[in-house]
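Student: quick one, structure for this:
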Amino acid sequence: MLGLKCNAQARNQCISCSKGVRARRALICNAASNNKFFVGGNWKSNGTKESIKDLVAGLNAADFDPKHVEVVVAPTFVHLDYVNSIIDKNKFAVSSQNIWIKGTGAFTGEIAAETLQDLGIHWVITGHSERRALCNETNDVVGLKTARALELGLNVIPCVGETLEQRQSGQIFSVLDAQMKALFDRQAFIAVKDWSKVVIAYEPVWAIGTGVVATPEQAQEVHAYLRKVLGNKLGAEVASSVRILYGGSVNDKNCEELAQKEDVDGFLVGGASLQAASFETIIKAHAASR
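Tutor: From the prediction side, this is the model:
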């Protein structure tokens, strides 16, 4: 498995290997799986108006109970308004894939939170690994974008995750700590009153678009660690209420086993979200795993 198992150095840091899992349960009284399951579909730079029309028709026909699962889809910027106008809002919300750190003004090529609000868009993804890698977004920039979204009242999905090299060298938890610290450094993040507005997405970079998926145990290990980080900073009640998603080659074949894990509160899905039938199966994964 490409050396992806927790190595000795990482185990020394890892609070969610055997002793750590017990420690987390002592810290957090309410199991994270009690939270409403959440599934996000990140369409990335994919879709034409015609293909999106067909995809949304398939999604609108999906048979699931929105009382038990919250579903958000993130089309390209140019398709946001179109998708928001044709999607079933009783089942789905629409998200932006990115946001600018400031308001409207002389910022060519950027999209401000105010513009998204004007379109009726209430969700945004920040810090996706592709933005970090391809556009050189630093932890600080991700923190600023997340804070800006929260200041304007948007719901936000900040993404964190390590590369294969960082995992294999035992840096995984120091990398995650730095990414989370950039969020905690922003007063807007700490001041959140409704923590259902913040959904953390753990996306191991080595599993995004590669076909390699973290094992359920690996996903649970990191999710439990992130929940402990939240608990240490924000308290046990908040840590229990924040949903933590897994993202990284999630599909209709592996979603049910992943959904069984205590600290996996949902998924952020890439390629499989472009197929209505596959995405519907993923949406139903939590109910199917119980």
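
Student: below-threshold pLDDT in this structure: ranges please.
Tutor: By pLDDT under 70, the weakly predicted segments of the chain are 1-33, 290.

Student: the strands in it, which residues?
Tutor: Ranges of strands within the chain are 37-42, 69-74, 92-96, 123-126, 155-160, 199-202, 243-246, 266-269, based on DSSP state E.

Student: how does the chain divide up, domain by domain?
Tutor: Domains of the chain are assigned by automatic domain parsing as 1-32, 35-288.

Student: biggest helix in the chain by residues?
Tutor: helix 216-234 (DSSP state H).

Student: just to revisit the earlier point, most packed of the strands of the chain?
Tutor: strand 266-269 (a mean of 29; mean count of other C-beta atoms under 10 Å). (Each C-beta comes from the backbone N, C-alpha and C, glycine too.)

Student: still on that earlier bit, check the domains of the chain for me and report the most buried one.
Tutor: domain 35-288 (a mean of 19).

Student: off-centre distance for that one?
Tutor: 3 Å (C-alpha atoms, centre = their mean, to the nearest Å).

Student: got the end-to-end distance for that domain?
Tutor: 16 Å (C-alpha to C-alpha, to the nearest Å).

Student: for residue 250, see how far away the spatially closest residue to residue 222 that is not a sequence neighbour is.
Tutor: Nearest non-adjacent residue to residue 222, counting by C-beta to C-beta, 6 or more residues apart in numbering: residue 202, 5.4 Å away. Applying C-beta to C-beta, to the nearest Å, the value for residue 202 to residue 250 is 12 Å.

Student: any idea what the residue positioned nearest the centre of the chain is bridged to?
Tutor: Centroid-nearest residue in the chain, with C-alpha atoms, centre = their mean: residue 201, separated by 2.6 Å. Applying DSSP bridges to residue 201 gives these bridge partners: residue 159, residue 245.

Student: list the residues that contact it.
Tutor: Taking C-beta atoms under 8 Å, 6 or more residues apart in numbering as the criterion, residue 201 is in contact with 40, 125, 157-160, 244-247, 268.

Student: I'd guessed residue 103 sits against residue 114; true?
Tutor: Yes - assessed by C-beta atoms under 8 Å, residue 103 is found in contact with residue 114 at 5.8 Å.

Student: could you check how far residue 147 is from residue 190?
Tutor: 10 Å.

Student: for residue 65, give me phi and psi.
Tutor: Main-chain torsions, residue 65, degrees, to the nearest 10: phi -100, psi 110.

Student: equivalent analysis for residue 35, please.
Tutor: Here is the backbone geometry of residue 35 (degrees, to the nearest 10): phi -70, psi 150.

Student: going forward, the N-terminal residue is numbered 844.
Tutor: Okay, residue one is now 844; in that scheme the one you just asked about reads as residue 878.

Student: how far away is it from residue 920?
Tutor: Residue 878 is 29 Å from residue 920, by C-beta to C-beta.

Student: now residue 1075
Tutor: Residue 1075 is 36 Å from residue 920, by C-beta to C-beta.

Student: residue 1103 now?
Tutor: 35 Å.

Student: same question, residue 1072
Tutor: 31 Å.

Student: how near is the closest residue to residue 1074 other than its chain neighbours to residue 903?
Tutor: Closest residue to residue 1074 apart from its sequence neighbours, by C-beta to C-beta, 6+ apart: residue 1082 at 3.6 Å. Separation of residue 1082 from residue 903 (C-beta to C-beta): 35 Å.

Student: same question for residue 888.
Tutor: Distance from residue 888 to residue 903, by C-beta to C-beta: 23 Å.

Student: isn't residue 971 right next to residue 1002, touching?
Tutor: Yes - at 4.8 Å, residue 971 counts as touching residue 1002 under the criterion of C-beta under 8 Å.

Student: what do the two both touch?
Tutor: Joint contacts of residue 971 and residue 1002 (C-beta under 8 Å, 6+ apart) are residue 1046.

Student: who touches the closest residue to residue 1081 other than its chain neighbours in this structure?
Tutor: Once flanking residues are discounted, residue 1081 sits nearest to residue 1038: 5.6 Å by C-beta to C-beta, 6+ apart. If you count contacts by C-beta under 8 Å, 6+ apart, residue 1038 has them with 1081, 1084-1085.
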